[in-house]
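K.L.:
Sequence and predicted model, in that order:
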Amino acid sequence: MDFNRLAHHRYSVRAYKADPIKDEELQLILAAARAAPTAANRQPFRLYVIETAKWTEKLKRLYHRDWFVQAPLVCGIAAVKPEGWTRRFDGVNYAVVDAAIAFDHLVLQAADLGIGTCWIAAFDPDVARELLSLPDDCEPVAFTPLGYPADDWRQKSRRPAGELVKYL
Ligand SMILES: Cc1cc2nc3c(=O)[nH]c(=O)nc-3n(C[C@H](O)[C@H](O)[C@H](O)COP(=O)(O)O)c2cc1C
């Protein structure tokens, strides 16, 4: 799919089939995340592939939506703050930004393969830390189911370009 079509075709899938994801496809999705740019190429993230059937009860505590546990896999990403690049002027650490970019590569590669995702930030961070065994200096950033959509693409609602884009 050409990139512009992909950007418009991806949507947040909130109903999934239980059909398994082929390992070749999963590997392409993970490789796309790893190919993402990161500040100073620090790659300060860890990506987690979680088998839904093995972890259903904990995943239900992580995010309380029935559709969250319908897909065969859930992916999560955590930022490793000590590995992140820090801007010297104000000390801002970019590990969370890097993790978000990697996760969006994952999401877009999945969409290109016809595999659905939905960014989830409204998860319980304590449950995320427990599930992923995260130390205090790692920040859980996002989760998504990874599975074939059981719903349909919806027309996107976006603010007008004039409100979002400024030409200086
Ligand atoms: C950082 C981020 C966090 C999000 N968190 C959630 C979430 O917790 N639950 C949810 O159902 N959707 C979540 N979404 C999905 C957004 O609601 C969705 O992307 C937005 O409404 C636009 O719809 P679209 O993705 O179908 O284009 C999140 C999206 C982003 C980018």
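P.N.:
Good, I have the coordinates.
K.L.:
now the strands for the chain?
P.N.:
Secondary structure of the chain by DSSP state E: the strands cover 45-51, 73-80, 138-146.
K.L.:
which parts of the first one are buried?
P.N.:
To tie it back to what came earlier, the one meant is strand 45-51. 45-48, 50 (16 or more other C-beta atoms under 10 Å). Glycine gets a C-beta too; all of them are placed from N, C-alpha and C.
K.L.:
Now look at stretch 45-65 and say if it contacts the ligand.
P.N.:
No. Using C-beta under 6 Å from any ligand atom, stretch 45-65 never reaches the ligand; the gap is at least 6.9 Å.
K.L.:
From the ligand, how far off is the residue most central in space within the chain?
P.N.:
Geometric centre of the chain, nearest residue: F103, 4.0 Å, by C-alpha atoms, centre = their mean. F103 is 9 Å from the ligand, where distance means C-beta to the nearest ligand atom, to the nearest Å.
K.L.:
Show the pLDDT at that residue.
P.N.:
pLDDT for F103: 99.
K.L.:
That one touches T117, doesn't it?
P.N.:
No. At 9.0 Å, F103 does not count as touching T117 under the criterion of C-beta atoms under 8 Å.
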